[in-house]
Each structure stands twice: as structure tokens, then as C-alpha cells.
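Asks: This is the structure alone, sequence omitted:
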Ligand code: ATP
Ligand code: MG
């Protein structure tokens, strides 16, 4: 008898010609998540089985966070020939349960001497005898004991939901503008969930922003990197650009001009890293630079799609996800971001694009951007 974890994936994205590609990719991501647990992965009958682990809880926690996994079932694998032994195992698995149940047998080995209805009836009967706290309910049971008769017998009761989504990398690359705030890590996680490999860009204005602020962003990237299977963080020196904007541009447009520079630089990094899109944590009306007019002004400098998965989310909804993916605490550490230094007292909330373009003409954008690109430091987490 062997304990293992049966991994279930979304059949929908595995249909069609791309199936072997998605499947291989999913297996690689599961192997990546299991590093250091001593467990191994066996592919059998089109199914993914994790085995050889010491600690079921750790392995379950890791696998349920892999994008593309829809649920996992802690299962027992045993020889199918001795039906009494299979029944005894079923009885053990149901011994602490109360309420209603049914046995659901599936037999892919058609030479097995008993049919599925027969297995259901006989096993159900023996379990009832052993555990008087249970009652049979065939339509809406609280517990289902699954018995699969294949090369061996597989038994499982619990189905633990996993994160879902698609394996990272199967839907291309995108570049995330990652601040130290609550929103952008959540935005990155949501796009990665759809199978997109994430690169990150962070704008850092040392000494106006601190070393701790930079470390905090790297820590956030490390948190994300488990689900995202590694992230390259591009740290862009942004002080000179911010100082020039502060000293030479109208104060009411300073945040918008700064954001236009961020987007231009992020797009350059995106092209260098073969990303097909940018990702931000913006949400309509959250701050002055996220009104619809302001978004139009920042968006107009880029020529690739910008994904804003949080656009329609309330802050409280974003916080719920941040807690779920365990970035909330880190994001709440009180270090300043380059967006929060030099903030204007009265930022324009209904800016006109032409006016902002006019106001930033005084800067040598090309030279400033080239210098910032030159100073990029790449940290792999
Ligand atoms: P967050 O949105 O991550 O909570 P925030 O709300 O402080 O941070 P905003 O001022 O709302 O940031 O900025 C909107 C978006 O711009 C962020 O979600 C992020 O994608 C991007 N951004 C802001 N600051 C930075 C930065 N220093 N480096 C990289 N991207 C940034
Ligand atoms: Mg925000």
C-alpha cells in the first residue's frame, strides 16, 4: 500500500493539439514547486501522481499553489486483487466520518471480476456495518469514497481545491510594474495565473526612497516567484527623472509625467525581455492618476497592450486577494515609494493629453530614458 497525491488539472485547456505541450509544462511546474520535499512525480495513465513524500501537508500546500492544478486528492494505491483488503482500506478511510456517504467505483480494468455497481454495493455494505455513524445517500452524499480499479486500486475521499489557472509560460511573457504597494503584486499574480511568465520592473529613487524600500520589493517578488516560477526584477534608477520633473514641470502634472516615463521605460524593458504586454495595479478612480482621463494620458505613450486586472476592483477586494496570496503583510510595511515622494498638493484629475505633452517637452526624454536604461540592475529571485 502506498500513500500518494493525485493531481487533477483542468481538462478544458488540455484539449486539442496543444495537450502534450500543456501537460509537459504543468508537470515541470509541479516538479519546480516540489523542490526540496524529497517527493517524486509519476505520470501514469494520463494522470499525475506525487509520491515518496514524508509530509503530506507540505506537498499538498505546494501543489495546490501551482497554476494549472485544479484540485488534489490524497489517495492510497494498493493491489486490486484482494477485494477484502481493498474493503478494509475503505473502512479505515471512512472510520472517523459521520453523516451521509456513498461509494463511487470506476473500473477501467474490464477484466476485474466485479462490476462498478457490485463494488459500490458490497463496499458500502461493509462500511455501514463497521461505522454505524454513517448513512448511505446516493444523490447528495456528504462524503464520497472514490474507488478506481486500474492497474492497481486507488482510493480517495478528500478533494482539496487548488488555485486553477494555466501553467506559467504557456501564454507568453508580460512585464509587471511592481511597486511596494498592495495592488501591483496582486495584479501580477492574476495575470501569471492565466499562464503568463512575469518579469518585473521597479522604479527606485535612492536616496529619496530607502534601501529597505528596495528590499521590500525584492521580498514581494520572492513571494510571487513561487507561483510565478522565478521572476527577474529590473531595478531602474529613477531619481534623476523625478528631480527634473519636480524642478522643471508644472506641479499639477508631475505625477502624470512621472507615470508616462515609467510606462515608456517599462515598455523598453518589455521589448528586451520579449514581453507581449505590460501589467499595472491600477484601478479606476483609486487616486488622481487613475481617473479615466489620467489613464488615457499615461496609456498614450505605450504601443503594446497594458493589462490592468484590478481595474474594476475595490481596495477591500484587492486586499482579500493580497491576504490569500500572502503578500499583504509585506506590502503593508511602511516604506515610501517613488510615487509618494514629491507628490503634488493639487494633482490634475481631468488632465488633457496635449497639455501634459506640452508640459513635458522641456525635458530631454530620450536622454533621460537612455540613462535610466543604462543603470538598470537585474535581480533574479
Ligand atoms: P500599488 O498599486 O502596488 O499598491 P500604489 O497604489 O502605491 O502601489 P500607485 O500610485 O497606485 O501605486 O501606482 C499605480 C501602479 O503603477 C502600481 O500598481 C504599479 O503597477 C505602478 N507603480 C507605481 N509605483 C511604481 C514603482 N515604484 N515601480 C514600479 N511600478 C510602480
Ligand atoms: Mg494602487
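Replies: Happy to help now that I have it. Predicted model only: the values in this text are computed from it and were never measured. Numbering: from 1, shown residues only. Ligands and ions are numbered 1, 2, ... in the order given.

Asks: all contacts plus neighbour counts: C-alpha atoms, from now on.
Replies: Will do.

Asks: Could you tell me which residues of this structure lie near ligand 1?
Replies: Residues of the chain that fall close to ligand 1, judged by C-alpha under 6 Å from any ligand atom: 177-184, 201-204, 280-282, 337-339.

Asks: For the stretch 51-200 of the chain, just list every one of the strands.
Replies: 69-78, 99-107, 134-136, 143-149, 153-156, 160-161, 173-177, 197-204 (DSSP state E, counting those that start in this stretch).

Asks: want to try CSV for these, with mean neighbour count, distance to residue 20 and mean pLDDT as columns?
Replies: CSV is the format used below for these (neighbours: other C-alpha atoms under 10 Å; distance: least, C-alpha to C-alpha, whole Å; pLDDT from 0 to 100):
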stretch, mean neighbour count, distance to residue 20, mean pLDDT
strand 69-78, 21, 16, 97
strand 99-107, 20, 25, 97
strand 134-136, 18, 40, 96
strand 143-149, 21, 24, 97
strand 153-156, 22, 25, 97
strand 160-161, 14, 24, 97
strand 173-177, 26, 20, 98
strand 197-204, 25, 19, 97
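
Asks: Any chance of JSON lines for these, columns distance to residue 222?
Replies: Formatted as JSON lines, these follow (distance: least, C-alpha to C-alpha, whole Å):
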{"stretch": "strand 69-78", "distance to residue 222": "21"}
{"stretch": "strand 99-107", "distance to residue 222": "42"}
{"stretch": "strand 134-136", "distance to residue 222": "46"}
{"stretch": "strand 143-149", "distance to residue 222": "38"}
{"stretch": "strand 153-156", "distance to residue 222": "34"}
{"stretch": "strand 160-161", "distance to residue 222": "24"}
{"stretch": "strand 173-177", "distance to residue 222": "14"}
{"stretch": "strand 197-204", "distance to residue 222": "11"}
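
Asks: For residue 286, which of those is the nearest?
Replies: Checking these against residue 286 by C-alpha to C-alpha gives strand 173-177 as the closest, at 16.7 Å.

Asks: Determine how far the closest one lies from the middle of the whole chain.
Replies: Relative to its chain's centre, strand 173-177 lies at 14 Å (C-alpha atoms, centre = their mean, to the nearest Å).

Asks: Check which helices and strands that strand sits against.
Replies: Helices and strands touching strand 173-177, by 3 or more C-alpha pairs under 8 Å, 6 or more residues apart in numbering; DSSP states H and E, are helix 183-193, strand 197-204, helix 254-272, strand 278-279.

Asks: Can you add distance to residue 231 and give the ones you listed back as CSV?
Replies: Compiled in CSV, the helices and strands packed on strand 173-177 are given as follows (distance: least, C-alpha to C-alpha, whole Å):
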stretch, distance to residue 231
helix 183-193, 11
strand 197-204, 6
helix 254-272, 13
strand 278-279, 14
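
Asks: Now that residue 241 has come up, it's in contact with residue 370, right?
Replies: No: contact criterion C-alpha atoms under 8 Å: residue 241 and residue 370 do not qualify, at 11.0 Å.

Asks: Nearest spatial neighbour of the closest residue to ligand 1 within the stretch 101-250 of the chain, chain-adjacent residues omitted?
Replies: Closest to ligand 1 within the stretch 101-250 of the chain is residue 181: 3.2 Å, counting by C-alpha to the nearest ligand atom. Spatial nearest neighbour of residue 181, chain neighbours left out: residue 331 (5.1 Å); criterion: C-alpha to C-alpha, 6 or more residues apart in numbering.
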